[in-house]
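> dropping a prediction and its sequence here:
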Amino acid sequence: MTAVMPVEVLQRAKDFYGAHTRLKIGEETSDSVTFRGAIGTATIRVGREHGHTTVHASTDRVVGLDVTDITKRFLYTLSGA
C-alpha cells in the first residue's frame with residue numbers, strides 16, 4: 001500500500017521502466033500498465049481502498065537480473081511515499 005494516488009503510481013511506473021529498461025508498454029488501462037521486452041513481461045495494477053492505493057505487480061519470470069528484479073526496484077520506490 002502507498003499514499004500515492006493510482007494514476008501517479010502508473011505514471012511513475014512508466015517513467016521508471018522507461019528510464020531503467022528497454023521494455024515497451026504492451027497494454028495500458030485505467031488501472032494497469034503492462035511492459036514487454038526481451039527480459040520479460042511485467043504488469044503493475046493499482047486500486048484505491050480506504051484512503052490507500054494498493055499496488056499489485058506480476059511478472060512472467062521468477063528471479064535473476066531480469067524483469068522481476070527491476071519490478072522489485074520499482075516497488076521499493078513507492079515505500080515511504
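Now that the structure is in, tell me what you want to look at.
> buried ones in the longest helix anywhere in the chain?
If you go by DSSP state H, the chain has its longest helix at helix 6-20. By neighbour count on 16 or more other CB atoms under 10 Å, the buried set for helix 6-20 is 6, 9-10, 12-13, 16-17. C-beta coordinates here come from the backbone N, C-alpha and C atoms, glycine included.
> ditto for stretch 39-52
Quick answer for stretch 39-52 (16+ other CB under 10 Å): 39-46.
> in PDB, could you pull the C-alpha coordinates for that stretch?
Presented in PDB, the C-alpha positions along stretch 39-52 are these (Å, rounded to 0.1, in the frame of the first residue of the first chain):
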ATOM      1  CA  ILE A  39      13.900  -9.600 -20.500                       C
ATOM      2  CA  GLY A  40      10.200 -10.500 -19.800                       C
ATOM      3  CA  THR A  41       6.800  -9.000 -19.100                       C
ATOM      4  CA  ALA A  42       5.700  -7.000 -16.000                       C
ATOM      5  CA  THR A  43       2.200  -5.800 -15.100                       C
ATOM      6  CA  ILE A  44       1.600  -3.100 -12.500                       C
ATOM      7  CA  ARG A  45      -2.100  -2.900 -11.300                       C
ATOM      8  CA  VAL A  46      -3.500  -0.400  -8.900                       C
ATOM      9  CA  GLY A  47      -6.600   0.100  -6.900                       C
ATOM     10  CA  ARG A  48      -7.800   2.500  -4.200                       C
ATOM     11  CA  GLU A  49      -9.300   1.300  -0.900                       C
ATOM     12  CA  HIS A  50      -9.800   3.100   2.500                       C
ATOM     13  CA  GLY A  51      -7.600   6.000   1.500                       C
ATOM     14  CA  HIS A  52      -4.700   3.900   0.300                       C
END
